[in-house]
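> no sequence on hand, only this structure:
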């Protein structure tokens, strides 16, 4: 190798070394940038996780408070339901007692009866029924449903269910003339008309007296 070739080789190696140093410096700068970015990203991530954790704890706290409020609301609703049920039962008892007392002469819709049975109840195996007022003589029997305020469902129940159940439980009266009655403090004109069309007599309170409507 000549001196000239040796000089060229040394110069070439020196240049390569300089380029390598520049590459190393650039790589170092990139590493620093990346490290700084990663550090910042980690701080942001940690901050986000911390904030999310706090939000989840707050949400959990609110859910617990809501659950407690819901339990309290449910308790109050049940209490109101019981109170309303008691009011309804008391009103029903008042209506039933009024009509029982008013029928003490045992005469309804022009028919004289011999017996009045209040809350007539019977059970035969799984078949059970209770009837508010039942009037009986040797030929006729009247089955009367009493309500504080009568609705269409009460009429349907009397015709479709109560009367059928009565005949099943008391077959000894099947040869009697059966009369169905709906007695109520309050009843719409439409319901009254429908009852009469279905051969159900209607008893309504008028002051301290009973007003009768025949089919």
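Looks like it arrived, so ask away. Keep in mind that this is a model prediction, so the values were computed, not measured.

> distance of the closest residue to residue 138 other than its chain neighbours from residue 206?
Distance criterion C-beta to C-beta, 6 or more residues apart in numbering; nearest residue to residue 138, sequence neighbours excluded, is residue 114 at 7.3 Å. C-beta coordinates here come from the backbone N, C-alpha and C atoms, glycine included. Residue 114 sits 26 Å away from residue 206, going by C-beta to C-beta, to the nearest Å.

> cool, residue 56 as well?
68 Å.

> residue 127 now?
Applying C-beta to C-beta, the value for residue 127 to residue 206 is 37 Å.

> hang on, the earlier thing: gap between the residue nearest to residue 138 and residue 205?
Residue 114 is 25 Å from residue 205, by C-beta to C-beta.

> please say which of these two ends up with more neighbours.
Counted by other C-beta atoms under 10 Å, residue 114 and residue 205 do not tie: residue 205 has more neighbours, with 18 against 10.

> just give the closest residue to the more buried one, not the sequence neighbours.
residue 185 (4.8 Å).

> who's in contact with residue 159?
Neighbour list for residue 159: 180, 198, 200 [criterion: C-beta atoms under 8 Å, 6 or more residues apart in numbering].

> would you mind checking these for buried ones?
Buried members of the contacts of residue 159, counted by 16 or more other C-beta atoms under 10 Å: 180, 200.

> and the contacts of residue 159, which is closest to residue 24?
Nearest to residue 24, judged by C-beta to C-beta, of those is residue 198 at 105.7 Å.

> need phi/psi at the closest one.
Per-residue torsions, residue 198: phi -100, psi 20 (degrees, to the nearest 10).

> wait, what's in contact with it?
For residue 198, counting by C-beta under 8 Å, 6+ apart, the contacting residues are 155, 159, 215.

> before we move on, what about residue 187?
Applying C-beta under 8 Å, 6+ apart, we find residue 187 in contact with 149, 150, 202, 204.

> lovely, talk soon.
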